[in-house]
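> Give me the fold of what follows.
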Amino acid sequence: MSEERYSISRYLLVRLLLLIPTFLGVSVIAFLIMKLTPGDPLISVIGFGGSQNSVTAAALRAELGLGQPLYIQYLLFVWRILQGNLGNSIAQQVPVLTLIGQALPNTLLLISVAMTFAVAIGIPVGILAGVKRNRATDQAVRVGSILAASLPDYWLGIMLLILFAFYLRLFPVGGNIGPTSVVLPALTLGIGLAGLLIRLTRSSMLDQIHENYIRTARAKGLSEWVVIRRHALRNAILPVITVIGLQVGYLLAGDFFVEYVYAWPGIGRLVVSAILVKDYPVVQGFLLLAATAYVLINLTVDLLYTAIDPRIRFQGRE
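Numbers count the residues shown, from 1 in each chain. Alright, predicted model coming up:
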């Protein structure tokens, strides 16, 4: 037990140390991706012409260090991050952490509801399709899952908005004005993910239900439900958990269109607005947040493997 604990601790330490080069790489990308974009963010925010605008632009340029050489700007950028300071929004003159702190809870709510819907639909339906292979139920599920996974989020969002908000008036058109406001954007994100989980769960179940240990469990007289739930599902769920973890990171970084279509006050809408006016600090802060969340989610998924399957141990190999 102590050796196992040491192995997991060592694995965790190595993964945490790998965050350092990951952070440096992401910081370089976050810094350069906006610097290489044509245009001046100060002009986008303040406007052209006028002595007052020129004075304001010069003051902001000095404050942000935009007149310094590129490598000096990068070092100042990294130094501020290490101090927990992502800078101020150029457009709103508010700390970036404050803006992210205001928008992040809404995005996490949207992701949680979308993921709950996708898991509640995707895994049970995928299990059913795997058990009923090549039957009418399986054929219908396969067609539906492919269709759901193929629909573009922005198109599906507009269609749901027109049908349920405009014509049927069952849900608000946009914004976050009540508990029902999250339903349509969550469905827009969750339908495609549910289609993906259905296909993956079905495939994983098909790989397991023909294994020898499943035949042995059936030969012992166990009911089909017990065989599926206790034996097949426990092994089939591992790749599904991996995809769920990856999709959480994807939803955090990729729900821009949905939040923009529904005017949802989350991270995605904040970043789109920042991109339109070249608000560098907000975009850079988001890139760092998304990369960190993605790495930590993957680490959490890896550690969950040991709880689901005791045979898996993180032991380093020379």
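
> Isn't Ile90 up against Gln284?
No: between Ile90 and Gln284 there is no contact under C-beta atoms under 8 Å: 11.2 Å. C-betas here are computed from N, CA, C, even on glycine.

> Poorly predicted segments of this structure, please.
1-8, 34, 37-67, 253-254, 305-318 (pLDDT under 70).

> looking at it, Arg218 is touching Val227, isn't it?
Yes: contact criterion C-beta under 8 Å: Arg218 and Val227 qualify, at 5.8 Å.

> so what sits against both of the two?
Taking C-beta atoms under 8 Å, 6 or more residues apart in numbering as the contact rule, Arg218 and Val227 have no neighbour in common.

> what about these two, which has more around it?
Between Arg218 and Val227, Val227 has the larger neighbour count (other C-beta atoms under 10 Å), namely 20 against 15.

> can you tell me which residues contact the closest residue to that one other than its chain neighbours?
By the measure of C-beta to C-beta, 6 or more residues apart in numbering, the closest residue to Val227 outside its immediate chain neighbours is Ala217, 4.7 Å from it. Contacts for Ala217 (C-beta under 8 Å, 6+ apart) come out as 226-227, 230-231.

> which secondary structure element contains Ala217?
In this structure, Ala217 is located in helix 212-219 according to DSSP states H and E.

> Neighbours of the nearest residue to Ala149 once chain neighbours are set aside, how many?
Take Ala149 and drop its neighbours on the chain: the residue closest to it by C-beta to C-beta, 6+ apart is Gly195, 3.4 Å away. Gly195 has 24 neighbouring residues, counting by other C-beta under 10 Å.

> where's the lengthiest helix in the chain relative to the chain centroid, distance-wise?
The longest helix of the chain (DSSP state H) is helix 96-131. Taking C-alpha atoms, centre = their mean, to the nearest Å, the mean C-alpha location of helix 96-131 is offset from the chain mean by 9 Å.

> pretty sure Ala149 contacts Gly192?
Yes: counting by C-beta under 8 Å, Ala149 touches Gly192, with 5.5 Å between them.

> In terms of neighbours, single out the busier of these two.
Between Ala149 and Gly192, Gly192 has the larger neighbour count (other C-beta under 10 Å), namely 20 against 16.

> So the more buried one lies in a helix, does it not?
Yes: using DSSP: H, G, I helix; E, B strand; the rest coil, the assignment for Gly192 is a helix.

> re earlier: and which of the contacts of Ala217 is nearest Leu99?
For the contacts of Ala217, the residue nearest Leu99 by C-beta to C-beta is Arg230; the value is 47.6 Å.
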